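In: Sequence and predicted model, in that order:
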Amino acid sequence: MKIPDFSVKKRITILMLTVLILLLGGIALSKLGLEMLPDMDYPVISIITGYQGTAPEDIEESVTKPIETAIATVKNIKTLKSESMEDVSLITVEFEWGTNLDFAAQDLRDAIDQIADYLPRDVSRPLVMKYNLSQMPVIMYGVISENDQYELRKYLEDEISNRLKHLEGVASVMVYGGEIPEKQIIVDKQRLEFFRIPINDVVNILAASNLNSSTGHIQERQTEYYLRTIAEFEEISEICELPVKTFQDGTVIKIGDIARVEDGFKEKRYHLRTNRKPTTMLMVSKESGANALKVADRIKETIHNLEATSNNKIQYLEIFDMGKPIRTVTQGTVSNLIIGGILAVLVMFLFLRNWRPTLAISLAIPISVIATFVPIYLARFSLNIMTLGGLALGVGMLVDNSIVVIENIYRHLEMGKSKLAAASEGANEVAMAITASTLTTIAVFFPMLLSEGMTGILVRGLALTVAFSLFASLFVSLTIVPAMASVIFQVKNIKVKKRSIQMFDGIRKRYLVALDWVLSHRKQTVFLVL
């Protein structure tokens, strides 16, 4: 049994299938992420290596150049750039598009591990980081408070950060600025020289004494206890009492004898201000694939409630909201899609002058669009400017197959056949033609799937969305449209169709005159075309 025959004879089944498609499409739509651009991994990996208290020239010689030499043998590297700054080395590695960044990052780590023992002792472990658009903050706030900057930063890290991290779709919360507390040991140079104590000895003793470590285990019958040495400083007095040097006469020199220990804050290397006032920056990133608009709205609602509970003593000034440009772009694209569908329906009604086939077409468009969301979700795409553009582009094509089927069904009705026979035979006759037409249109977009680099990632969602929508349109035209035609179409409405055809008789006659002239003057026609 052919698909149109089955659709006409099993109309209840087709109805249930339509409801199922609408349900699945709605569920898929609710789970699709909403972003500005497709989620893509730029083939760029950064290697960040810290070396505190070191000048840029020393970092270049002792850190940057050895790492560059080690990673130069990794495959598929396109460009290699490095920047040596005070206290840090930054190496940016750009790979060829299409390179698996997970494997590339592991290759870089393996190459760095081979020369790790040859780097200076105090160098931090090189950090290998991949760049991804999803890591960009979805929203940023400048936070101003009447309290001091230390209390504000502590409140944001302990209270606000934990509150926001529990929101659905939030990946991380970062706090920048404010005062960061530290214990400051201000050494007296004259006392060091007097007691003949090298400054390196003071640093090493402090580092060795401020340490928690594992010290083994104790086994008692079938129970085993692990031991830990808790030796981190908790009070300033503990630091002051730390012995540094012992003389032969038993005199003990302590930290308090050669230095002043006090509570302080880390040195500021930058200043953050909002509305000319000192501020602490709050940056929130979303999970990959999460709906940016929904995440931003949840964050705004939470921040608004927190601001209200603080009696406006803490002001959250919105600096950046990724949801705004996404909302502008997506609303424009969706409105274009809706307007395009409405115009297509109006044009069909203008030509057909009959509400029954117009109803069939107007239902075919949203059903095809909703059905398209299912393969978009299964393909792990998100709703972005490219996929929504593909839907808007495909709306005009969605009605083509349905129009051909409806026209042929009307032709069989004019021949005096029953509604069931006309719907079944009319759809069967053009099934192969509209299938070939759909596949031909899809073939036009197929080369876009083979594009490489950033272009390929961007247009792949558009091409596949158009293909998905056309397949959905073909399915609807061969199943739902014949089933609807067998119910709502009537033979008496053929006269309305004939009156509609008479409206365009003038256009048809002018076209026949022009066609006759073209066929009689073929050389002149070719020349005009050239």
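Out: Sure, I can see it. Numbering: from 1, shown residues only.
In: Is Ile59 in contact with Met85, as I believe?
Out: Yes - using C-beta atoms under 8 Å, Ile59 is in contact with Met85, at 7.3 Å. For the C-beta atoms, the positions are set from N, CA and C on the backbone; glycine is no exception.
In: Same drill for the two, tell me which one is more crowded.
Out: Taking neighbours as other C-beta atoms under 10 Å, Ile59 and Met85 compare with Ile59 leading, 24 against 13.
In: Now do the SS call for the more buried one.
Out: helix (DSSP: H, G, I helix; E, B strand; the rest coil).
In: Which positions in stretch 166-181 come out as buried?
Out: Applying a neighbour-count criterion of 16 or more other C-beta atoms under 10 Å, one finds Leu167, Gly169, Val170, Val173, Val175, Gly177, Gly178, Glu179 buried in stretch 166-181.
In: same deal with stretch 145-157?
Out: Residues Ser145, Gln149, Leu152, Arg153, Lys154, Tyr155, Leu156, Glu157 are the ones in stretch 145-157 that count as buried (16+ other C-beta under 10 Å).
In: Tell me the one among these nearest to Asp107.
Out: Glu157 (35.6 Å; C-beta to C-beta).
In: In terms of helices and strands, where is the closest residue to that closest one other than its chain neighbours?
Out: Spatial nearest neighbour of Glu157, chain neighbours left out: Val175 (5.4 Å); criterion: C-beta to C-beta, 6 or more residues apart in numbering. Take DSSP states H and E as the rule and Val175 turns out to sit in strand 170-177.
In: Mind listing the strands that strand pairs with, and their directions?
Out: Looking at strand 170-177 with DSSP bridges, its partner strands are strand 280-286 (antiparallel).
In: Just the CA trace of the strand it pairs with, in CSV.
Out: Output in CSV follows, covering the C-alpha atoms of strand 280-286 (Å, rounded to 0.1, in the frame of the first residue of the first chain):
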residue,chain,number,x,y,z
THR,A,280,33.5,44.6,42.1
MET,A,281,32.7,42.7,38.9
LEU,A,282,30.3,39.8,38.8
MET,A,283,30.5,37.6,35.7
VAL,A,284,28.2,34.6,35.1
SER,A,285,28.7,32.0,32.3
LYS,A,286,26.1,29.5,31.1
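In: got the contact list for that strand?
Out: 134-143, 145, 149, 152-153, 156, 160, 164, 169-178, 272, 292, 295, 299, 316, 319 (C-beta atoms under 8 Å, 6 or more residues apart in numbering).
In: Over to stretch 180-190?
Out: For stretch 180-190, the external contacting residues (C-beta under 8 Å, 6+ apart) are 150, 153, 199, 202, 206, 233, 236, 239, 255, 258-266.
In: Next, the contact list for the residue nearest to Ala433 when sequence neighbours are not counted, please.
Out: In this structure, Ala433 finds its nearest non-sequential neighbour in Val404, 7.1 Å apart by C-beta to C-beta, 6+ apart. Residues near Val404 by C-beta under 8 Å, 6+ apart: Val430, Ala433, Ile434, Ser477.
In: Mind listing what's buried along the strand or helix carrying Val404?
Out: Using DSSP H and E, Val404 falls within helix 385-414. Using 16+ other C-beta under 10 Å as the test for burial, helix 385-414 gives 385-395, 397-406, 408-413.
In: What's the mean pLDDT across the following helix or strand past it?
Out: Sequence-wise, the next helix or strand downstream of helix 385-414 (DSSP H and E) is helix 419-449. Taken as a whole, helix 419-449 has a mean pLDDT of 86.
In: name the helices or strands packed onto helix 419-449?
Out: helix 3-9, helix 385-414, helix 453-478, helix 480-488 (3 or more C-beta pairs under 8 Å, 6 or more residues apart in numbering; DSSP states H and E).
In: Of these, which is nearest Trp517?
Out: Here helix 385-414 is closest among the helices and strands packed on helix 419-449 (C-beta to C-beta), at 28.3 Å.
In: Wait, Ala431 touches Asp5, no?
Out: No - the pair Ala431 / Asp5 is not scored as a contact, 10.3 Å apart, by C-beta under 8 Å.
In: Look at these two and report which has more neighbours.
Out: Using other C-beta under 10 Å, the more surrounded residue of Ala431 and Asp5 is Ala431, with 21 against 16.
In: residues in contact with the more buried one?
Out: Lys2, Ile3, Pro4, Leu478.
In: Can you report how many residues lie near Ser473?
Out: When neighbours are defined as other C-beta under 10 Å, Ser473 has 29 of them.
In: Quick check: the gap between it and Ile442.
Out: Here Ser473 is placed at a distance of 11 Å from Ile442 (C-beta to C-beta, to the nearest Å).
In: go on, Lys324?
Out: For Lys324, the distance to Ile442 - C-beta to C-beta - is 35 Å.
In: coming back round to it: Leu528 is nearest to which of the helices and strands packed on helix 419-449?
Out: When the helices and strands packed on helix 419-449 are ranked by proximity to Leu528 (C-beta to C-beta), helix 385-414 comes first, at 29.0 Å.
In: now the closest one, how far from the centre of its chain.
Out: Centre-to-centre, helix 385-414 and its host chain are 32 Å apart (C-alpha atoms, centre = their mean, to the nearest Å).
In: Over to stretch 264-284?
Out: With C-alpha atoms, centre = their mean, you get 28 Å for stretch 264-284.
In: Mark which of the contacts of Ala431 are buried, thanks.
Out: Pro4, Leu478.
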